[in-house]
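J.: Structure for this input, please:
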Amino acid sequence: MNIAVCIKRVPETAEAAVNIDSSEKHIIPDQLVFDINEADNYALEEALLLREKTEGDITLFTVGSKESDEVIKMGLAKGATRGVRITPENLDNLDAYAVAKLLAEQVKEGNFDLILTGCISSDVGNSQVGVTLAELLGIPHATLVIKMGIEDGFATVQRELEGGLLEELKIKLPALFTIQTGINEPRYASILGIKRAAQKELRVIENITAEGMKAEVVKMYYPPVGKMAEILEGGVEEVSGKLCEILKGKGLL
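T.: Residues are numbered from 1 along each chain as shown. From the prediction side, this is the model:
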């Protein structure tokens with residue numbers, strides 16, 4: 001089975017100070033630590049587990065700068081076969097559609113049985129690239145997949161729905177699935193794997209211009225600071241009276 005996995009290098013912003021640059025369209029990356037997108041890491045692990053059962057190749061695709069080679073090499077160290085980095089000249093201005101279009105132009109040449117992506121990127125969080133890529137390739141897809149199995153040219157998957165519900169689907173391959181975190185336990189790269197990664201193919205596609213953007217970042221800004229919550233203290237009658245006065249003052253009573 002030939003599998004494509006789309007991965008992305010993203011900043012770890014959970015505990016970092018995030019600052020906006022002078023253009024008000026990008027964040028300043030200088031003080032940030034970067035790593036593979038969390039959901040993409042689970043997608044890669046799922047590909048590795050499937051390959052262990054069915055053999056075949058795993059090709060990693062990313063749209064990003066030269067620094068994205070870091071996450072590709074780590075994926076190669078874990079066991080992927082080869083990597084492809086796509087770096088268009090207008091990289092800083094891409095939207096989800098343009099990224100998916102760039103990926104589609106390369107992925108369609110690989111005759112892949114299965115394409116996996118993360119269900120969401122931790123930096124932008126729009127969950128659009130995977131499903132858009134599937135539509136551009138003209139293949140079926142399923143999102144938020146938490147369990148999957150392959151047999152006789154079909155994939156049986158479970159995906160999360162709202163309200164804690166699950167949906168089970170049987171989908172003919174080739175297909176694309178966006179993988180939810182928690183589907184497996186991503187492995188670490190071994191020292192031997194890291195050494196072997198240096199010998200694996202990493203193809204770079206540059207000197208191209210991405211086309212077809214549908215969205216543009218107009219401005220980034222911090223949420224406006226609002227008033228802090230007001231705690232009403234006292235007995236039931238006293239608190240009720242204060243609450244009524246506040247609601248009256250706001251014209252709600």
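
J.: doesn't Val10 make contact with Pro29?
T.: No: between Pro29 and Val10 there is no contact under CB atoms under 8 Å: 10.6 Å. All C-beta atoms are positioned from the backbone trio N, CA, C, and that covers glycine.

J.: the more surrounded of the two?
T.: A count of neighbours by other CB atoms under 10 Å puts Val10 above the other of Pro29 and Val10, at 22 against 14.

J.: That one falls within a helix, correct?
T.: No: Val10: not assigned to a helix; according to DSSP: H, G, I helix; E, B strand; the rest coil it is strand.

J.: Show the pLDDT at the residue lying closest to Ile20 once chain neighbours are set aside.
T.: Nearest residue to Ile20, sequence neighbours excluded (CB to CB, 6 or more residues apart in numbering): Met220, at 5.0 Å. The score at Met220 is 92. That number is its pLDDT.

J.: Can you pull out the low-pLDDT segments for the stretch 101-250 of the chain?
T.: Within the stretch 101-250 of the chain, no stretch has pLDDT under 70.

J.: The residue nearest to Ile20 and Asn19, how far apart?
T.: 10 Å (CB to CB, to the nearest Å).

J.: Can you pull the residues that touch both of these two?
T.: Counting by CB atoms under 8 Å, 6 or more residues apart in numbering, the common neighbours of Met220 and Asn19 are Ile27.

J.: Could I get the buried residue list for stretch 136-149?
T.: By neighbour count with 16 or more other CB atoms under 10 Å, stretch 136-149 contains the buried residues 136-137, 139, 141-146, 148.
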